[in-house]
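Colleague: Requesting a structural model of the entry that follows:
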Amino acid sequence: MSRMIMVVALLLTVPEPTWACPVCFGDPNSPMAIGASWGIALLLGVTAGVLAAFAGFFFYLIKRSRMALGERIDLTSSSQTSGSM
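Modeller: Now for the predicted structure:
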């Protein structure tokens, strides 16, 4: 039984030739390669949109919390540099 396990383990470690898909190995102007490129661009766009919405929500929360505390919202200058001169 141990010899059988050893033979199977050796057979699994022997490298075998692999065949690349048409996107990786074939014509870069093929419809499949172009579709894969558009798919990647779409996924990156969706990810960037979700991250931008997430950041915008936090900016909205910061603005609302400052308004609730009664602070003046001034996004053009920093509070650190206003009293230094």
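
Colleague: Now for residue 29: which residues touch it?
Modeller: Contact partners of residue 29, counting by Cβ atoms under 8 Å, 6 or more residues apart in numbering, are absent. Glycine gets a C-beta too; all of them are placed from N, C-alpha and C.

Colleague: low pLDDT regions in the chain?
Modeller: 16-25, 71-85 (pLDDT under 70).

Colleague: which residues of it fall in helices?
Modeller: With DSSP state H as the criterion, the chain has helices at 2-13, 22-25, 31-69, 79-82.

Colleague: Could I get these in CSV, plus columns for mean neighbour count?
Modeller: Output for these, formatted as CSV (neighbours: other Cβ atoms under 10 Å):
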stretch, mean neighbour count
helix 2-13, 8
helix 22-25, 12
helix 31-69, 10
helix 79-82, 8
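
Colleague: quick one: residue 10 from residue 1, how far?
Modeller: 15 Å (Cβ to Cβ, to the nearest Å).
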